[in-house]
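Engineer: Here you go, sequence then predicted model.
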Amino acid sequence: MSNNAPVKKKRKFELDPRLAAYKGVWVFIEHERGQVHPVSWELLGEGRKLADMLGVELAGVVLAAPGDDGKRFCHDAFAYGADLCYLMESPVLKDYRNDPFTRGMTELVNTYQPEVLLLGATTQGRDLAGSVATTLLTGLTADCTSLTIDLDNRSLAATRPTFGGSLLCTIVTLNYRPQMATVRPRVMAMPERQEGRGGRIVEHPLAMAEESIITKVLDYIPDDSRDKPQLPFADIIVSGGKGLAKAENFQLVWDLARVLGAEVGASRPVVQAGWAELDRQVGQSGKTVRPKLYIAAGISGAIQHRVGMEGADCIIAINNDPNAPIFDFAHYGIVGDALQILPALTDAFRQKLATTRRAG
Amino acid sequence: MHSVVCIKQVPDSAQIRVHPVTNTIMRQGVPAIINPYDLFALEEALRLKDKHGGRVTVITMGPPQAEAALRKALSYGADEIILVTDKAFAGADTLATSFALASAIRKIHETHPVTLVFTGKQTIDGDTAQVGPGIAKRLELQLLTYVSRINEVDEGEGTITVERRAEGGVQLLKTALPCLVTMLEGTNDMRRGSLPDQLRAARHEMTRWDRVAAGIEDVTRIGLKGSPTVVNKVFTPSPRAEKAEMVTVDSGRAADLAVELIARLGQRFPVVEAELARRAG
C-alpha cells in the first residue's frame, strides 16, 4: 500500500435476500396471573429506539388464553410505544407452558417475519427464547446489557458480560433471522406511559388441541412475597462486599439500611461466603437494580457487579483501595475503612431524617 | 431408570483476572471446576438412582482437559462418563453446542435407553441458560426448566411430577418421560464421593467420542460454522465521563465525612433528597 493512512477494516456482508424480507422489531409481552411483567415495558422502550433506527414498526406479541385480558395487554403495549400487537388467543395458552408457547411464537415469526425479537431474561422468557431459537435455528444472545443497530448491515449488536462478568462482549447474528436477545429485568429504563396512544391488533389463531400437549399444569402456588427481599424495585439499597472482612461486620450494612428504610444487597463473593442470602446478590448472576440511591461498602466494582447496579441514579462507594474500579463509575467516593464509615453514615442519616421530619 | 447429566467444565470465575493493559483474560493458574449449577443436576440424578436403581451417565463437550470434570463426577457416584471432544467443535455457540450434545445423547440412547436428561439451570461462564432448552427441542423431549423439586417419578406410568420456579410462584407440572430437566440451585447438597468411587474415578478408562463417534455427519451444524452468533469484540467498559467526586474532610474523621457527603448529596441529587424527605415524612 502506498500511503500509511489507516484502512478501516469492513466486514463484507450481503444479507440473504430471503432474510432481507424480515422486517420489524418485536417484543414478547410476558404475563403471569393477569399481570404483565414490567420487563416487557422496559423492552418496548428499548425496542422503540431500535425500530426508529431501522425505520420499521415496533410490535408487541401477546400469547394468552381467551379469559386472560390479552386485548388489555395490547393496549398497554401501545401506551409503552408499540405500533401494533400480534395477539394469539387459545385455551392452550392458559398458564405458561413451553410447548404451546414455543409453537405459537415460532408460527407468528414464520408468518410475519420480524428481524429482531426481544424477550425478558426471566424464567419464562429464557425458557421460551432458548426453545424458539433452537426451533428456528437462529442466533440468541442472553442477558444483554445494551442493544444497538449496526446501520451498515442492519444487524443487532448485542452487548453482554462474558467470562463470568470480567469483560463485556458485543455479539451479532449476521445471516440468520430473527436476531434474538434476552434482557434482564431493570437493565433498561422504564419508558414513560403515553395514555391514549393507539395501535392496531393483528389476531392470529393457534391450531393446537389440549390433547396434543403432553405437559400439564396441576397447580400454581404463588410466592409469599412478604418476607422476600424486593431488590429490583427498591429505591434505596445498601450493599456490602468482601471489604467488610467478616460475616459479623455485615450487620453494619443492615444498621444503615434500617435507618434509611432501604433494602440490603450484597456482592457475589459475600453471597458465596454465606454472609447474605442469594436473593440479595446484585450483579450479572444476581439481581439487576435501579434504585435512586445505591451505597456500596467494601465492594470493588467488578464488571459482574457493575452491570447489576450502574442504572442507579446516585452511587456512593466506600472502599479502602483508592484504585478500586468502583470509583470509575460511582458518583461519590470515600476512600476509607467501611467499618468506620458505615456507622458514621448511619448516625448522620438518622440525624438528617430527624431534622427533615422536624422541619416538615 | 437411566439419567444422562450434561455438565461443563468452567474456570472458577471468582478467580478470573483481566490483564490491565491488554484486556485479555489471564487464564494461568485459574482452577477449572464443574459448573456449580450442574452439581445440583448430578446430585438429583444420583438420588433418583438411589431410589429407583438404574444408571447415571455424565457427558461433557469440551477440550481434552475436561476429562478432570468427568472423573470428579465419577467420584460422586456416576456409572459412566463420556467426553465429547473434537477440534471441529471449537467456537460453538449455544445452538451448535446443543446440536452436538443432542447427537451424543441420541447415540447413548441406542445402547442404554434414556429416561431423563439433566442440566444445570445455566453455566457460570456463559450464563445463557440456552443449552438445556436447545437439547430438549432437538431431541423432541418435554422441557422442564428451573425445577426446584422432583416430587415423583413413576416409571411404570412413564410420568414425572415436578415443582418449577415461575416468576411469581411455583408451577406444579406433570409430564411424560423421557424429558429434560434443568435444576435450580440450592435444591440439594452434593454428596461426598465414597472412597471406592474415588479410586474408581482415578483408574477409570476415559471414553472419548469425536464428531463421528457422537453420530455427527454434517460439519456445518457444529463449531464455528454451526453458530449463528459471532463475537464482534471483547472489551472493558469505559469509566463514566466524570469520575467519582471524592469526599474528603480536613479532620479525616468518619463522622465529618458522613456529614459532608450527605450535604453534597442533597445539592447534586434532588431525586435522592426527595426520596429521603419522603422517608422522613
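Structural biologist: That came in fine, so what should we check first?

Engineer: my hunch is that A:Leu147 is in a strand, does that hold up?
Structural biologist: Yes. Under DSSP: H, G, I helix; E, B strand; the rest coil, A:Leu147 sits within a strand.

Engineer: Tell me how far it lies from chain B.
Structural biologist: Computed as C-beta to the nearest C-beta, to the nearest Å, the A:Leu147 to chain B distance reads 13 Å. For glycine as for every other residue, the C-beta is placed from the backbone atoms N, C-alpha and C.

Engineer: element containing B:Ala263, please.
Structural biologist: When elements are assigned from DSSP states H and E, B:Ala263 belongs to helix B:254-268.

Engineer: Centre of the chain to that helix, how far?
Structural biologist: 43 Å (C-alpha atoms, centre = their mean, to the nearest Å).

Engineer: what comes up buried for that helix?
Structural biologist: Neighbour counts over helix B:254-268 (16 or more other C-beta atoms under 10 Å in any protein chain shown) mark B:Ala254, B:Ala255, B:Asp256, B:Leu257, B:Ala258, B:Val259, B:Glu260, B:Leu261, B:Ile262, B:Leu265, B:Gly266 as buried.

Engineer: show me what contacts the closest residue in space to the fourth one that isn't next to it in sequence?
Structural biologist: Once flanking residues are discounted, B:Leu257 sits nearest to B:Val249: 5.4 Å by C-beta to C-beta, 6 or more residues apart in numbering or on different chains. Contact analysis of B:Val249 by C-beta atoms under 8 Å, 6 or more residues apart in numbering or on different chains lists B:Asp256, B:Leu257, B:Glu260.

Engineer: name the element B:Val249 belongs to?
Structural biologist: With DSSP H and E as the test, B:Val249 turns up in no helix or strand.

Engineer: any idea how far it is from B:Ser98?
Structural biologist: Here the criterion is C-beta to C-beta, to the nearest Å. By it, B:Val249 lies 57 Å from B:Ser98.

Engineer: With B:Met61 instead?
Structural biologist: Taking C-beta to C-beta, one finds B:Met61 at 10 Å from B:Ser98.

Engineer: Same check on B:Leu143?
Structural biologist: With C-beta to C-beta as the criterion, B:Leu143 and B:Ser98 are 12 Å apart.

Engineer: Compare those two and say which one has the larger neighbour count.
Structural biologist: B:Ser98 (28 against 25; other C-beta atoms under 10 Å in any protein chain shown).

Engineer: Now do the SS call for that one.
Structural biologist: Classified using three-state DSSP, B:Ser98 is helix.

Engineer: Return the residues in contact with it.
Structural biologist: Contacts of B:Ser98 (C-beta under 8 Å, 6+ apart): A:Thr134, B:Gln130, B:Val131, B:Pro133, B:Gly134, B:Ile135, B:Lys137, B:Arg138.

Engineer: ok but A:Asp219 is inside a helix, no?
Structural biologist: No. Using three-state DSSP, the secondary structure at A:Asp219 is strand, not a helix.

Engineer: count of neighbours near it?
Structural biologist: 11.

Engineer: remind me, longest strand of chain B?
Structural biologist: Ranked by number of residues, the top strand in chain B under DSSP state E is strand B:142-154.

Engineer: elements contacting it?
Structural biologist: helix A:98-112, helix A:123-136, helix B:36-52, helix B:131-139, strand B:159-165, strand B:169-176, strand B:179-183 (3 or more C-beta pairs under 8 Å, 6 or more residues apart in numbering or on different chains; DSSP states H and E).

Engineer: what comes up buried for stretch A:173-186?
Structural biologist: Across stretch A:173-186, burial judged by 16+ other C-beta under 10 Å covers A:173-174, A:176-186.

Engineer: Likewise for stretch B:242-255?
Structural biologist: B:Ala244, B:Val247, B:Ala254, B:Ala255.

Engineer: Show me the shaky parts of the stretch 201-350 of chain A.
Structural biologist: A:226-227 (pLDDT under 70).
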